[in-house]
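Student: only the shape, not the letters, is given here:
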Ligand code: PMP
């Protein structure tokens, strides 16, 4: 079966899907993106992701190349033609192809690509049962990480540092020694039955998974405090988690050299995962 991607209005064989060498995404990281989770052929929290995409576009003064309802159509079509049951859609918009010049080009149409990828739920469940290890790494990103831009060199380096230390995620540490978030996820710790996560600001991405988990916590009367935490709080934590559109709620069992709790996935992992799964909208 062939794999099909979307490139500027065309459905192409994935291996033949190209953009020009003077695309501004390639030269300047001048673009934004979204990742939509797919469960059972359905898009997870579509409205949240599409609204965040339009916010990102507005913040970088870019216009969407297609209207809002067309995104839904193309994403559903990619899920269908690629026969994706569970997985993700990666969607990227750049300021388009123009001769290299820092200033915005005039009359250039933004480039839009979408890539579908199948990921089995079993691989998620396998990791969930074991939990993941996290490495703390200095947060070297720019000051507007609330915008989901393709400028990802700092998180790439952070994730590689984590990987080199046999960890699956990096938690980024700000200048005051607090965790901002993961390199590609939201960070959470649990202490005395209270869940903590960093409050929203320009220093973190407003995770769509974060929003749905918070909704699920409220419904189940589980306690949450939006407050920064540091390495001492992590050492004292009973459990820890990351959330993202592709990892949903994922337990963390080790941060640097410190075991979280007894170093095994704790009892709240299933409680939070269930609360999240009940709160999401599938469409
Ligand atoms: N923070 C960062 C830096 C991320 O890259 C991601 C994943 N896109 C998240 C948080 C989680 O966001 P979401 O739940 O919307 O995937």
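Tutor: That came in fine, so what should we check first? Values in this document were obtained by computation on a predicted structure and should not be read as measured data. Numbering: from 1, shown residues only.

Student: show me what residue 186 is bridged to.
Tutor: The partner list for residue 186 in beta bridges (DSSP bridges) reads residue 243.

Student: do you know how far it is from residue 204?
Tutor: Separation of residue 186 from residue 204 (CB to CB, to the nearest Å): 7 Å. Glycine gets a C-beta too; all of them are placed from N, C-alpha and C.

Student: chain neighbours aside, what residue packs nearest to residue 109?
Tutor: residue 96 (5.3 Å; CB to CB, 6 or more residues apart in numbering).

Student: and that neighbour, what pLDDT?
Tutor: The score at residue 96 is 98. That number is its pLDDT.

Student: the residue in the stretch 1-150 of the chain positioned nearest to the ligand and residue 226, how far apart?
Tutor: Relative to the ligand, the nearest point of the stretch 1-150 of the chain is residue 35 (5.6 Å; CB to the nearest ligand atom). Per CB to CB, residue 35 is found 23 Å from residue 226.

Student: which is the succeeding secondary structure element to the helix or strand harbouring residue 73?
Tutor: Here residue 73 sits within helix 68-81, counting by DSSP states H and E. Of the helices and strands lying after helix 68-81 in sequence (DSSP H and E), the nearest is strand 87-94.

Student: that next one pairs with which strands, parallel or anti?
Tutor: Per DSSP bridges, strand 87-94 is paired in its sheet with strand 31-39 (antiparallel), strand 111-118 (antiparallel).

Student: beyond the last one, next helix or strand please.
Tutor: The C-terminal neighbour of strand 111-118 among helices and strands, as given by DSSP H and E, is helix 121-130.

Student: show me the contact partners of that following helix.
Tutor: The contact list for helix 121-130 (CB atoms under 8 Å, 6 or more residues apart in numbering) reads 39, 86, 168, 247-248, 250-251, 253, 265, 269, 273.

Student: how about that helix and the ligand, any contact?
Tutor: No: applying CB under 6 Å from any ligand atom, one finds helix 121-130 separated from the ligand by no less than 13.9 Å.

Student: residue 35 and residue 226: which has the busier surroundings?
Tutor: The neighbour comparison of residue 35 against residue 226 (other CB atoms under 10 Å) goes to residue 35, with 18 against 12.

Student: what sits closest to that one if chain neighbours are left out?
Tutor: residue 245 (4.8 Å).

Student: could you do residue 253 as well?
Tutor: residue 131 (3.5 Å).

Student: burial check on the one you found, number of neighbours?
Tutor: 23.

Student: who are the contact partners of residue 218?
Tutor: Applying CB under 8 Å, 6+ apart, one finds that residue 218 lies in contact with residue 224.

Student: one step back: my guess is the residue nearest to residue 253 meets residue 249, correct?
Tutor: No: between residue 131 and residue 249 there is no contact under CB atoms under 8 Å: 11.3 Å.

Student: who touches both of these two?
Tutor: Here residue 131 and residue 249 have residue 269 as joint contacts, going by CB under 8 Å, 6+ apart.

Student: and among the strands paired with strand 87-94, the most buried is which?
Tutor: strand 31-39 (a mean of 22; mean count of other CB atoms under 10 Å).

Student: I'd say residue 215 and residue 279 touch.
Tutor: Yes: using CB under 8 Å, residue 215 makes contact with residue 279 at a distance of 4.3 Å.

Student: of those two, who's got more company?
Tutor: Neighbours were counted for residue 215 and for residue 279 using other CB under 10 Å; residue 279 has more, 19 against 16.

Student: quick one: that one from residue 29, how far?
Tutor: Taking CB to CB, one finds residue 279 at 33 Å from residue 29.

Student: ditto for residue 190
Tutor: For residue 190, the distance to residue 29 - CB to CB - is 35 Å.
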